[in-house]
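Participant: predicted coordinates and the sequence they were generated for:
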Amino acid sequence: MGDGVLQGFLNRGLIDVGGDDAKLDKLLQAAGDLAAALKKNPSKALAFSLIAFDPSAPEADPVVQEALAALQNRWTTYRNTFSATPVAVIRAMLLDALVAGAAEDDRVGVCFVASARNALPLLPVDNERDIWIGIVEEVERRVDLRAEAEWATPDSITVQPMKYDAPKLSVAEVRIGEAPKADLQKGMMAAAGPQYQHSQQGNVLTNGNQHWPQNNPTMWVSEFGRRAGTTIADAIDAALSEIEVSQPDLAQPFAKLAEAVSSYVDDTLKAVSGATAGLQRRTNLLWWREALFSPSAGRSYRTLPPTVAAALMALDLFDTIPLFSPASVSAFLGETVLRLGETADAAKRTVRDLVTEAQDEAALAPLRTAAAGLAAEPEGRGPLLALIGYPAHTGARDAASFQRLTGVPADSALDLAAWSGWLFRELQASKAATDASPAKRRARKG
């Protein structure tokens, strides 16, 4: 597409290289160098965009000077072809670099599209409009695809089975106890009668059953049963008390199982949370729209002046959603501003007046803080946020400097919905210029 950008400017007579393909090639090379610089430092995207859009871009702007240096490096005699500073050539080169950069880095695309949607309707680019329309729509479509994917809620969630390699357990070991043989024999002989015959000692008293079965059978049976039962029971108890069972160590296997289950549950919850994130965002936005309550101000938007409420709505929405959001979010913001009722028929105000209010209004202090954190202090062409975030900067309130630093014509005016949308897109673009998000969205693993 890069060749198409420059060719489009040539076909409409916006730039002229005298039909020399070699000169066109030098322009393409210089644009490639700018694209390389943009790839190395995506934060340049916002300033590149604001100069690329403006036919009246000031020659002294740092971005114009950077582009001229790139052109000089590739085409040392370019001044012999152009009688004045070739601003149109510079703009075409910057646009070419931005298109190439947006193809590789979605953050560049966010900067480009957000700036285009703000600035182009106010700038005198009618003879270029068909070039811009196609380029902006293509980049916006690519960025929107990423945003829609990140906001999507799938019909179903697939969770992989838990993986757990059960360890091989050792077999339990059992050591059998032994009955006390000698004690059992001695006890049984004591139960059988008052004496027994020993091979060496002869008759030995048992100190046990004093009856013989032939003399008093009834008493003998009674005494024998009592003594024999006690002896046998003691022998069994002694044998059982010596039995030992060596159990396998289950502590480590159970610890690994608990760890695997915990990890699986955690991954499952993350999968559910990630899959339903888009639904949660939409739910939160609907709640915010119905409540019309400003988190940054801690009060209802209806208690604030309409222009202040519209500006805070842009900030609050920006704080609520991630960098990549569908184009429909801007439309959602506009409809939320209109819910204030009185703003539907409100007259337009000049952009400069709105910026001045943002610089001074006490209730917009959160916006100034956010702007200062996202935008650098004004130097060359930059977003309105640079003036809002640094209201004391030299030139931040000067009428002549306003157009030079922003590119916005002095008489440009916006209604409240458009003003809120402008701030929201600038917040997004400024964040994209310094955001650490991946350049391209990673494809989901199947």
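Facilitator: Looks like it arrived, so ask away.

Participant: give the helix, strand or coil label for G177.
Facilitator: coil (DSSP: H, G, I helix; E, B strand; the rest coil).

Participant: skipping adjacent residues, who's closest to it in space?
Facilitator: Excluding the flanking residues, the one nearest G177 by CB to CB, 6 or more residues apart in numbering is E242, at 2.9 Å. From N, CA and C alone the C-beta is placed, and that goes for glycine too.

Participant: report the contact partners of the one you found.
Facilitator: If a contact means CB atoms under 8 Å, 6 or more residues apart in numbering, then E242 has 175-178 as its contacts.

Participant: from what I see, A88 and I15 are in contact.
Facilitator: Yes: assessed by CB atoms under 8 Å, A88 is found in contact with I15 at 5.0 Å.

Participant: tell me, what's touching these two both at once?
Facilitator: F9.

Participant: more neighbours: which of those two?
Facilitator: Applying other CB atoms under 10 Å to A88 and I15 shows that I15 carries more neighbours, namely 22 against 17.

Participant: just for the stretch 301-446 of the chain, where's the confidence low?
Facilitator: The stretch 301-446 of the chain contains residues with pLDDT under 70 at 342-346, 441-446.

Participant: can you give me the strands for it?
Facilitator: For the stretch 301-446 of the chain, strands defined by DSSP state E, counting those that start in this stretch occupy the ranges 349-350, 413-414.

Participant: give me the sheet partners of the last one and which way each runs.
Facilitator: If I follow you right, that is strand 413-414. Strand pairing for strand 413-414, using DSSP bridges, gives strand 349-350 (antiparallel).

Participant: who's in contact with the partner strand?
Facilitator: With CB under 8 Å, 6+ apart as the test, strand 349-350 has contacts from 307, 410-414, 419.

Participant: to what extent is L6 buried, counted in neighbours?
Facilitator: Neighbours of L6 under the rule other CB under 10 Å: 21.

Participant: quick one: residues contacting it.
Facilitator: Counting by CB under 8 Å, 6+ apart, L6 makes contact with 15, 24, 27-28, 31, 92-93, 96.

Participant: burial of the residue nearest to L423 when sequence neighbours are not counted, as a residue count?
Facilitator: Closest residue in space to L423, ignoring its immediate chain neighbours: A314 at 3.8 Å, by CB to CB, 6+ apart. For A314, the neighbour count with other CB under 10 Å is 24.

Participant: ok, now which ones touch A314?
Facilitator: Counting by CB under 8 Å, 6+ apart, A314 has contacts 333, 367, 420-424, 427.

Participant: and for D316?
Facilitator: So D316 contacts 288, 294-296 (CB under 8 Å, 6+ apart).

Participant: please redo it, this time with the cut-off set to 6 Å
Facilitator: Residues near D316 by CB atoms under 6 Å, 6 or more residues apart in numbering: 294-296.

Participant: mind putting the strands of the stretch 301-446 of the chain into CSV with mean neighbour count?
Facilitator: Shown next, in CSV, are the strands of the stretch 301-446 of the chain (neighbours: other CB atoms under 10 Å):
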stretch, mean neighbour count
strand 349-350, 16
strand 413-414, 19
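
Participant: can you tell me which of these is nearest to T303?
Facilitator: Closest to T303 of the strands of the stretch 301-446 of the chain, according to CB to CB: strand 349-350, at 20.2 Å.

Participant: name the residue closest to the centre of the chain, please.
Facilitator: When CA atoms, centre = their mean is applied to the chain, the residue found nearest the centroid is P322 (7.3 Å).

Participant: now the contacts of L6: which count as buried?
Facilitator: Buried members of the contacts of L6, counted by 16 or more other CB atoms under 10 Å: 15, 24, 27-28, 31, 92-93, 96.

Participant: re the thing from before, quick check: closest non-adjacent residue to the residue nearest to the centre of the chain.
Facilitator: In this structure, P322 finds its nearest non-sequential neighbour in E150, 7.0 Å apart by CB to CB, 6+ apart.

Participant: please name every helix or strand in contact with the strand or helix carrying that neighbour.
Facilitator: E150 is part of helix 129-151, with elements assigned from DSSP states H and E. Judged by 3 or more CB pairs under 6 Å, 6 or more residues apart in numbering; DSSP states H and E, the packing partners of helix 129-151 are helix 106-119.

Participant: relative to helix 129-151, how tilted is the helix it packs on?
Facilitator: With axes from the mean of the first three to the mean of the last three CA atoms, to 10 degrees applied, the angle from helix 106-119 to helix 129-151 works out at 130 degrees.

Participant: now helix 106-119: mean pLDDT?
Facilitator: In this model, helix 106-119 carries a mean pLDDT of 91.

Participant: before we move on, what about stretch 209-226?
Facilitator: 86.

Participant: ends of it, what's the gap?
Facilitator: One end of stretch 209-226 to the other measures 10 Å (CA to CA, to the nearest Å).

Participant: again, but for stretch 234-249
Facilitator: One end of stretch 234-249 to the other measures 33 Å (CA to CA).
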